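Asker: have a look at this prediction, sequence included:
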Amino acid sequence: MKTKALLLLCLLLGFGFTQLSAQSVTYTMEWEYWTPIYCDGVQVDYISGTATAHVVEHYTDGELVWLKMHSYGEVTSESGEVFTLHNDQTKEDLTEVTWHFNLDGENGTHYIGSFYWNFIEDPDMENLIVNQSVCIEN
């Protein structure tokens, strides 16, 4: 009986130490949001403004393993139209990221899409690669 209790105690302690070595940090931040908008391969707009982001970072043994970020807010196009922004991103390979965006304009314009960024090779975000961009007709 004592052996079983000792094994159970060791097992529970092992679970506890596993939980201590992995933790998540959650925070909210404001950041400058911008993205070119392409439809049929042609840039048709450029959206920018300040967005709010909710971020969850997950660490294992003190090292960042992955993060998730959800951005929201209002941003403006070059034409002056105000858009509601919904932007989701999960970054597991901590060198590159694919952003998914959904922009709803006050005048009925709607853009959805995604773009890729390698922040090791391009820390200033000068060479974003647009994976997909769709202009939804009113």
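Answerer: Looks like it came in fine.

Asker: the spatially closest residue to Asp104 that is not a sequence neighbour pairs with what?
Answerer: Nearest residue to Asp104, sequence neighbours excluded (CB to CB, 6 or more residues apart in numbering): Thr84, at 4.7 Å. Where you see a C-beta, it was placed from the backbone N, CA and C, and this is true even at glycine. Beta-bridge pairing of Thr84, defined through DSSP bridges, involves Glu74, Asp104.

Asker: also the one 4 residues further on?
Answerer: Asp88 forms beta bridges with His70, His100, as assigned by DSSP bridges.

Asker: any idea how far stretch 62-75 is from the chain center?
Answerer: Here stretch 62-75 is found 4 Å from its chain centre; the criterion is CA atoms, centre = their mean, to the nearest Å.

Asker: any idea of the mean pLDDT in that stretch?
Answerer: Mean pLDDT, computed over stretch 62-75, is 86.

Asker: ok, the residue most central in space within the chain - contacts?
Answerer: Against the mean C-alpha coordinate of the chain, by CA atoms, centre = their mean, the closest residue is Gln89 at 2.4 Å. The neighbours of Gln89, taking CB atoms under 8 Å, 6 or more residues apart in numbering as the test, are 68-71, 97-100.

Asker: looking at those residues, which is nearest Thr50?
Answerer: Lowest distance from Thr50 to these (CB to CB) belongs to Ser71, with 10.2 Å.

Asker: residues contacting the closest residue to that closest one other than its chain neighbours?
Answerer: Spatial nearest neighbour of Ser71, chain neighbours left out: Asn87 (3.9 Å); criterion: CB to CB, 6+ apart. Asn87 makes contact with 33, 51, 70-72, 99-102, according to CB under 8 Å, 6+ apart.

Asker: turn those residues into JSON lines, columns for distance to Gly113 and neighbour count.
Answerer: Listed next are those as JSON lines, based on distance: CB to CB, whole Å; neighbours: other CB atoms under 10 Å:
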{"residue": "Tyr33", "distance to Gly113": "14", "neighbour count": "21"}
{"residue": "Ala51", "distance to Gly113": "16", "neighbour count": "19"}
{"residue": "His70", "distance to Gly113": "17", "neighbour count": "15"}
{"residue": "Ser71", "distance to Gly113": "14", "neighbour count": "21"}
{"residue": "Tyr72", "distance to Gly113": "17", "neighbour count": "14"}
{"residue": "Trp99", "distance to Gly113": "9", "neighbour count": "20"}
{"residue": "His100", "distance to Gly113": "8", "neighbour count": "15"}
{"residue": "Phe101", "distance to Gly113": "6", "neighbour count": "22"}
{"residue": "Asn102", "distance to Gly113": "9", "neighbour count": "15"}
